[in-house]
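Chemist: give the three-dimensional model of this entry:
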Amino acid sequence: MTMSGDSIPTETVTRKPDADVGTPGGPAAGGGHQTPQQAAITDQSSGGRTDAERQESWKQGGAPGRNPAPIGGSSNGMSDQKAGGGPREDEPVAAGEYKVEKQQAGA
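Modeler: Numbers count the residues shown, from 1 in each chain. The predicted structure is shown next:
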C-alpha cells in the first residue's frame, strides 16, 4: 500500500521516507544544542537604541510623536511592484487602483 504523498519530491522536505519511519535518523544539527548562529538570531538581551535615540529620529519626518514613514513610503515599497507577465507585464501592479489615484482621475 502506498500513500499519495510517496510521489512528491522530497529534496526540500525534512520528512523521512515512509519505510524509514521509526528508525533512528542522522545526528541533530549543532549536536542537538543551539548553535552560536541561532543564539545570535534569537538573542533578546538589552541592546540597540534607547528610547531617547529612537524618538530623536522621529523629528526627521512625519507627525510629532509618530515613527517616520518606512523607507519606500507607507507601502514599504510594495506599490512599486511590477507585473512579471500577462497583459500588464512591466506595469505597476496597483497602477490606478489606489483611492487617491481614482479620486484624481475623476477630478
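
Chemist: model confidence for residue 76, exactly?
Modeler: Listed pLDDT for residue 76 reads 60.

Chemist: which SS state does residue 56 fall under?
Modeler: Using DSSP: H, G, I helix; E, B strand; the rest coil, the structure places residue 56 in helix.

Chemist: residue 92 versus that one, what's the distance?
Modeler: Shown here: residue 56 relative to residue 92, a distance of 35 Å by CB to CB, to the nearest Å. In this view, the C-beta of every residue, glycine as well, is placed from N, C-alpha and C.

Chemist: tell me which of these two has more neighbours.
Modeler: residue 92 (14 against 11; other CB atoms under 10 Å).

Chemist: wait, that one sits on residue 82?
Modeler: Yes - with contact defined as CB atoms under 8 Å, residue 92 counts as touching residue 82 (5.8 Å).

Chemist: common neighbours of these two, please.
Modeler: Common neighbours of residue 92 and residue 82, counting by CB atoms under 8 Å, 6 or more residues apart in numbering, are absent.

Chemist: from residue 56, how far off is residue 65?
Modeler: For residue 65, the distance to residue 56 equals 12 Å [CB to CB].
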